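Novice: Model the structure of this input:
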Amino acid sequence: MAQAQHGAISRQQALERGMSARAIERRLAIGEWVRVFRGAYRIAGTEPTWDQTAMAGYLAAGPGAVVSHRAAASLQGMPGVPRRMDVTVVRPRQVTVVGLIAHRSRLLPPKDVGVVRGIPVTTAGRTIADLSRVYSKAKMDPILNYAMANRLVTRAELVGRATGRRHDDVLRELLAERPDGARPMGSEFEAGLFRALREAGLPLPVPQYRVLMQDGGVVYLDFAYPEVKLAIEADSFIWHASLAAWQRDRARNGDLVALGWSILPITCDLVMFHPAEVARRVRGGLDTRRAG
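Specialist: Numbering: from 1, shown residues only. Purely as a prediction, here's the structure:
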């Protein structure tokens, strides 16, 4: 059982399988088991990991609990989130365990609960909604970018969570800054590019613009000004799954030029470190296309 739980086991699990309280205390006394939280232990000799701590926290919180907030975000790989052992339970239940930060919720429907490496956690959408009620907009911005870029959540799902209540203000503001396109934004690169254009006061392009090709196929441009046929594309090998994918994009761009499009490549470094230069190039591209 412990092997399936990252080396962790709870007191309740041991008792339910016939082990006596005395036997548990003996294992703790001689160091065969190590207490992580009250009522949750790790088997000595197993490597202490964050997954193990999270599993132990879940076990210590007891039935109906789920790993949430910062702990869930960390398990899901979201950036800039400290490893704090948050759990959520449904009211009126309370959890008071030293080392656990317990939250109580009126509702925790099954659709809000997932599993990451065997650990019950709140889904990415629920996690982002929870964090946006305690984190600032600046803190949430890279978290939301990451989740959307890695397809952990869709904009439509988050819109459903952004209610009219005051504590959802941060989430609503973040969604208002992100385009409502046909597909979710494809990468953090795209989110950064969109922000650079907005801050420069440039007209906003259409994200993930759908283009019908001559052979009947469909391609999506990262950003496009369709009225002047100017496309803005992420020009970096790291945003492609392979060299072959990168080469296919180059060939696709040639077909787009044949259809009258102008392709403006923008690199990752330019977006992240030189947003003013990004704006200058886009403004120049727009002026050139408008001039014919």
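
Novice: any chance you could map the strands in the stretch 151-292 of the chain?
Specialist: 206-212, 218-225, 230-234, 262-266 (DSSP state E, counting those that start in this stretch).

Novice: Tabulate these in CSV, adding columns for distance to residue 34 and mean pLDDT.
Specialist: In short, each C-beta sits where N, CA and C put it, glycine included. As requested, those are exported to CSV (distance: least, CB to CB, whole Å; pLDDT from 0 to 100):
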stretch, distance to residue 34, mean pLDDT
strand 206-212, 50, 86
strand 218-225, 50, 86
strand 230-234, 47, 88
strand 262-266, 51, 91
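
Novice: Out of those strands, which is the most enclosed?
Specialist: Ranked by mean neighbour count, the strands of the stretch 151-292 of the chain are led by strand 230-234 with a mean of 22 (mean count of other CB atoms under 10 Å).

Novice: Show residues contacting it.
Specialist: For strand 230-234, contacts defined as CB atoms under 8 Å, 6 or more residues apart in numbering pick out 186-187, 189-190, 193, 205, 209, 221-225, 249, 253, 256, 261-266, 268, 282, 285-286, 289.

Novice: Which one of the strands of the stretch 151-292 of the chain lies nearest to residue 26?
Specialist: Between residue 26 and those, the tightest spacing by CB to CB is seen for strand 230-234, at 59.7 Å.

Novice: Quick one: closest of the strands of the stretch 151-292 of the chain to residue 42.
Specialist: strand 230-234 (43.3 Å).

Novice: so how many other residues sit close to residue 12?
Specialist: 14 (other CB atoms under 10 Å).

Novice: and what of residue 162?
Specialist: Residue 162 has 18 neighbouring residues, counting by other CB under 10 Å.

Novice: What pLDDT does the model give it?
Specialist: Per-residue confidence at residue 162 stands at 82 (pLDDT).

Novice: And the helices in the stretch 51-200 of the chain, which stretches?
Specialist: In the stretch 51-200 of the chain, the helices defined using DSSP state H, counting those that start in this stretch lie at 69-75, 124-131, 137-149, 155-161, 169-176, 188-199.

Novice: Turn the ones you listed into JSON lines, including distance to residue 5.
Specialist: Formatted as JSON lines, the helices of the stretch 51-200 of the chain follow (distance: least, CB to CB, whole Å):
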{"stretch": "helix 69-75", "distance to residue 5": "14"}
{"stretch": "helix 124-131", "distance to residue 5": "21"}
{"stretch": "helix 137-149", "distance to residue 5": "26"}
{"stretch": "helix 155-161", "distance to residue 5": "29"}
{"stretch": "helix 169-176", "distance to residue 5": "33"}
{"stretch": "helix 188-199", "distance to residue 5": "33"}
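
Novice: This completes my enquiry, with thanks.
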